[in-house]
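Engineer: from the sequence below, what's the structure:
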Amino acid sequence: MADTPGQRLVLAFDFGVRRIGVAVGNELLGSASALEALPARDGIPDWDVITRLIKEWQPDMFVVGLPLNMDDTESEMSLRARKFGKRLHGRFGKPLEMFDERGTTRAAKAIAREEGHKGNYREHGVDGIAAELILAGWFEQQAGGTRLDIPSPR
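Structural biologist: Below is the predicted model of the structure:
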C-alpha cells in the first residue's frame, strides 16, 4: 500500500439509494475503471460485499462523490453521501475525500448512449461510469487541473 500522494490505489463511489457505483484507479497513471455497481436498499449497501471489494483491491483511500446543488448548497443526497463516506472511513480506516460530482450522471448517460445504451437507466444504470468520472475528475484535480468540465476517461 502506498500512502504517498501520487502513488495510491483509489476506490471511488457514486452514492445512490438503489445502486452505488464503484470505480478503481491508480493515481500514478491517472487511470480509472468502472466496476460492477453495488445494490443498495434506501442507500444502505451490503457491507459484506464492500468488505470483499476492499480485500480484493486493497485501496489506499476512498473518494466519494458529493452531489451538490448548482448553487453549491448541500441537498439531502449530499448528507446521505457524506454519511456513507463516514461509514466507509469508520469501518475500514482508510483516508476519505469527498469530491464534487456535479454533472457526472449526465455525462455518464451521454457516454452510455454513445456505447449503445437504450435509455432504461433504472434497469441498466450508469453508476459505474459515474464513479469512473468522479475518480477521473479527482485525479485531474490532484494533478493540478481545474474542474471546469467533467473529464471523459474513455
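Engineer: pull the residues that contact the strand ranked longest in the chain.
Structural biologist: Longest strand in the chain, counting residues (DSSP state E): strand 31-41. Outside of strand 31-41, the residues within contact range by CB atoms under 8 Å, 6 or more residues apart in numbering are 12, 16-25, 45-46, 49-50, 53, 125, 127-129, 131-133, 135-136, 139, 153. Heads up, the C-betas are built off the backbone N, CA and C, glycines and all.
Engineer: next: stretch 76-88.
Structural biologist: Contacting residues not belonging to stretch 76-88 are listed as 13, 15, 17, 20, 43, 45, 50, 62, 64-68, 94, 96, 98 [CB under 8 Å, 6+ apart].
Engineer: closest one of these to Thr104?
Structural biologist: Within the contacts of stretch 76-88, the smallest distance to Thr104 is 6.5 Å, found for Gly65 (CB to CB).
Engineer: worst mean pLDDT across the helices and strands of the protein, which element?
Structural biologist: Using mean pLDDT, DSSP states H and E, the weakest-scoring helix or strand in the chain turns out to be helix 104-114, at a mean of 70.
Engineer: for the helix or strand following that helix, packing partners?
Structural biologist: The helix or strand immediately downstream of helix 104-114 is helix 127-142, counting by DSSP states H and E. Applying 3 or more CB pairs under 8 Å, 6 or more residues apart in numbering; DSSP states H and E, one finds that helix 127-142 makes contact with strand 9-14, strand 19-26, strand 31-41, strand 61-66, strand 96-100, helix 104-114.
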